[in-house]
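Chemist: Show me the folded form of this:
(one chain, ligands or ions: 1)
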Amino acid sequence: MCRAAGRVLSQPRPFPGPGKQSSRSLCSAWHHGVPGGSGARGSTITSGESRAGLIAFFFQTVVRDVRIELVGTMQHSPDFPEYNSKAIEAWDRLAEWWDDKIGDGNEFQDYLIEPTTERMLALKAGEQVLDVACGAGRFARRMAGMGAVVTAIDQAERFLNRARDRTAENDDRITYLKLDATDRAAILSLGERRFDAAVCTMALMDMSSITPLISALPTLLKPHGRFVFSITHPVFNSWTARHVAEQYEQDGEIMVKSGITITDYAQPYSYRGFGIPGQPEPQYYFHRPISLLFNTCFRYGFVLDRMEEPVFPEELQSGANNPLAFSRMPFIPPVLVARMVLKSIY
Ligand SMILES: C[S@@+](CC[C@H](N)C(=O)[O-])C[C@H]1O[C@@H](n2cnc3c(N)ncnc32)[C@H](O)[C@@H]1O
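Modeler: Here you go, the predicted model:
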């Protein structure tokens, strides 16, 4: 997920139009600074970058500050229903391109997202699981491989086609369905008390409205059912998070310390950005502060049972030649994974 510096405006504003984002695309899903990748858009390098580069960066930042339009300061709703169809249409157009790029996965999935989600789900063979916004179905297949019976939904038909094509094993344990997770009635049509667990990997921040899903889950899930989700970290891996690297001297040695600065966090906002370098068009993102996200879950009867903020393992840190990569920041988690559990029977 690429992001840029921006100002929060006091009134709700529309998205910047297509092509109004920076032309610099230096990041990979999820998102900047995938190990071995080249880093983050909206990043600052305080040393080792050419003057021309710094001027270009400054220009970009200033220009972006002017033209980036964020949704208003006082919005307390986690939902942006006016973008429901636009967001999903963009995903449908991007699906094949994304699937070609991500292919069999990346380090975010391998090291951060999947092991953590798997541990938190703690699936048992035969359990019924709902995979929300399954994309090309990588995690759905992984769960089916563990013996779960998976219903995998996504609204992007082209992603589902890729998911079906990629499902060579356990196809009797996976059903792919086209379903819009912002449509509460559609979600409820999946059936009452049907699922032992629901999972949503790296997609809530891509979904314009989350209340329809979260308010429907208590009906879909069995008593004390669990809902595990992973998202790009709303603090450290959101749009206004800038990667910085400082070079300094210590005991005669040149050191580089990497970190993140952020400018906007407390208000929900929506924006368009490029998840992968070279992406043909930007996708829509929806920033929600952590409290808003969890309070939405609490409102519909979930309690937070477990939360993890995984970081890249040490062996990747030395391998990353880009000081702005998340893998060079062992103290900063790029993703957040949470397990919500229904506290009572609905
Ligand atoms: C970044 S991909 C993540 C896919 C997959 N969960 C994974 O971890 O690889 C985001 C997915 O969210 C899906 N999505 C976005 N909005 C949706 C909606 N309203 N209903 C269903 N799926 C949606 C997109 O089609 C896309 O497949």
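Chemist: Do I have it right that residue 287 meets residue 268?
Modeler: Yes. At 5.9 Å, residue 287 counts as touching residue 268 under the criterion of CB atoms under 8 Å. (Glycine included, C-beta is placed from N, CA and C.)
Chemist: Next, the residue of the chain found nearest the ligand: secondary structure please.
Modeler: Scanning the chain for proximity to the ligand using CB to the nearest ligand atom identifies residue 135 as nearest, at 2.6 Å. Following DSSP: H, G, I helix; E, B strand; the rest coil, the label given to residue 135 is coil.
Chemist: what's near enough to touch it?
Modeler: By CB atoms under 8 Å, 6 or more residues apart in numbering, the contact set of residue 135 is 95, 98, 99, 154, 156, 159, 163, 203.
Chemist: Looking at neighbours, which among the residues you listed is most surrounded?
Modeler: Tallying neighbours with other CB atoms under 10 Å puts residue 154 at the head of those, with 29 neighbours.
Chemist: thought that residue was touching residue 134?
Modeler: Yes. At 5.0 Å, residue 154 and residue 134 qualify as touching, with contact defined as CB under 8 Å.
Chemist: Between those two, which contacts overlap?
Modeler: Residues touching both residue 154 and residue 134 by CB under 8 Å, 6+ apart: 160, 163, 176.
Chemist: nearest to residue 196, of those residues?
Modeler: Distance to residue 196, by CB to CB, is smallest for residue 176 among the shared contacts of residue 154 and residue 134, at 19.0 Å.
Chemist: okay, that closest one: pLDDT?
Modeler: Per-residue pLDDT puts residue 176 at 98.
Chemist: Provide a list of residues in contact with it.
Modeler: For residue 176, the contact set (CB under 8 Å, 6+ apart) comprises 134, 137, 140, 152, 153, 154, 160, 163, 164, 167.
Chemist: I'd like those residues as CSV, with secondary structure, distance to residue 315 and pLDDT appended.
Modeler: Formatted as CSV, the contacts of residue 176 follow (DSSP: H, G, I helix; E, B strand; the rest coil; distance: CB to CB, whole Å; pLDDT from 0 to 100):
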residue, secondary structure, distance to residue 315, pLDDT
134, coil, 30, 98
137, coil, 29, 97
140, helix, 28, 98
152, strand, 32, 98
153, strand, 36, 98
154, strand, 33, 98
160, helix, 35, 98
163, helix, 31, 97
164, helix, 35, 97
167, coil, 31, 96
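Chemist: Which ChimeraX command selects the buried ones in those?
Modeler: A single ChimeraX command is used to select the members of those judged buried by 16 or more other CB atoms under 10 Å:
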select :134,137,140,152,153,154,160,163,167
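Chemist: ok so, going back, and the ligand, which of the contacts of residue 135 contact it?
Modeler: Filtering these for neighbours of the ligand using CB under 6 Å from any ligand atom leaves 154, 156, 159, 203.
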